[in-house]
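Participant: from the sequence below, what's the structure:
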Amino acid sequence: MSSSGSSSGPPERTRSRVRPLVLLDANALLLPFRERFPLRAEIELLCPGAELVVPVSVLRELDSLVERGVREAEPARELARSFRALPTSGRGDAGIVRAAVETGAWVATADRALAGRLAAHGVTVLAPRDRARLEVRPGEVQGSGAQPRRSGPSPRPRSRARRGKG
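Facilitator: Got it, this is the predicted structure:
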C-alpha cells in the first residue's frame, strides 16, 4: 500500500481547530453593562478555552450606538476591542450569520430573531437563560432527513441544580 500526497480522509480529520471559536454579537457585549452579566465566565463554562472574536459588522454597530448616545455602548465597544476582530462580508446580522456559517463558530447573542436565523443555518447559539446564565441552543438545519450541522465543541454539562420538572 503506497501513500500519496493527497489526503483521502474525511475533512473533519484533516482540519482541527486548536481553540473553538465564539462570535460575540452587540447584544451579548452589552449584557455585562446592562445586567452585570458574567459573559466571559459563562462562555468559558460552556465552551472551555474558546477564542472570543467580534465580527467587524458588530464593531460598526457598536460605533453607531455610541454615536446615538446609548449609555452602555461605550464600555461595550471597549470590551469588543479587547477581542480579535473578524472581517465580515455583510452588514449587521447578515454579517454575523455569514461569518458563523463560514467559520463553524458558535454565536453568543441575546437577540432572539438573530438566534432563530442562526439556528436555521445550523449554528449553535449561546443565549441568556436568566440574568446570570447562558444556555446552549444547538442549530438545526431545515429540510427532510438533514442532520444538524455541528459547529464548535460539545457543550459541557452544567453542575447547577435545576428547579421544576426534569
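Participant: assign a three-state SS to the residue nearest the centre of the chain, would you?
Facilitator: In the chain, the residue lying closest to the centroid (C-alpha atoms, centre = their mean) is Val107, at 1.4 Å. Judged by DSSP: H, G, I helix; E, B strand; the rest coil, the three-state class of Val107 is strand.
Participant: my read: it touches Ala119, true?
Facilitator: No - counting by C-beta atoms under 8 Å, no contact exists between Val107 and Ala119, whose distance comes to 9.9 Å. Heads up, the C-betas are built off the backbone N, CA and C, glycines and all.
Participant: so, low pLDDT: which residues of this protein?
Facilitator: When residues are selected by pLDDT under 70, those of the chain lie in 1-18, 141-166.
Participant: can you map out the strands along it?
Facilitator: Listed in chain order, the strands found in the chain under DSSP state E are 21-24, 51-55, 84-86, 106-108, 125-128, 134-137.
Participant: parallel or antiparallel, which strands does the second one pair with?
Facilitator: What that stands for is strand 51-55. Applying DSSP bridges, strand 51-55 is found paired with strand 21-24 (parallel), strand 84-86 (parallel).
Participant: between the strands of the chain, which gets nearest to Leu39?
Facilitator: When the strands of the chain are ranked by proximity to Leu39, the top entry is strand 106-108, at 7.1 Å, counting by C-beta to C-beta.
Participant: with distance to Ile43 added, can I get the strands of the chain in TSV?
Facilitator: Output for these, formatted as TSV (distance: least, C-beta to C-beta, whole Å):
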stretch	distance to Ile43
strand 21-24	6
strand 51-55	7
strand 84-86	15
strand 106-108	6
strand 125-128	6
strand 134-137	7
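Participant: which of those strands sits most buried?
Facilitator: Stretch with highest mean neighbour count among the strands of the chain: strand 106-108 (a mean of 28; mean count of other C-beta atoms under 10 Å).
Participant: for the strands of the chain, which one sits closest to Glu61?
Facilitator: Across the strands of the chain, Glu61 has its closest neighbour in strand 51-55 (9.2 Å, C-beta to C-beta).
Participant: what's that closest one in contact with?
Facilitator: In this structure, residues lying in contact with strand 51-55 by C-beta atoms under 8 Å, 6 or more residues apart in numbering are 19-24, 29, 40, 43, 80-81, 83-86, 88, 95-96, 99, 105, 108.
Participant: joint contacts of Val107 and Ala119?
Facilitator: Val125.
Participant: wait, what's in contact with the closest residue to Leu79 other than its chain neighbours?
Facilitator: The shortest distance from Leu79 to any residue other than its chain neighbours is 5.6 Å, reached at Leu29 (C-beta to C-beta, 6 or more residues apart in numbering). Contacts here follow C-beta under 8 Å, 6+ apart; on that basis Leu29 touches 39, 54, 58, 62, 76-77, 79-80.
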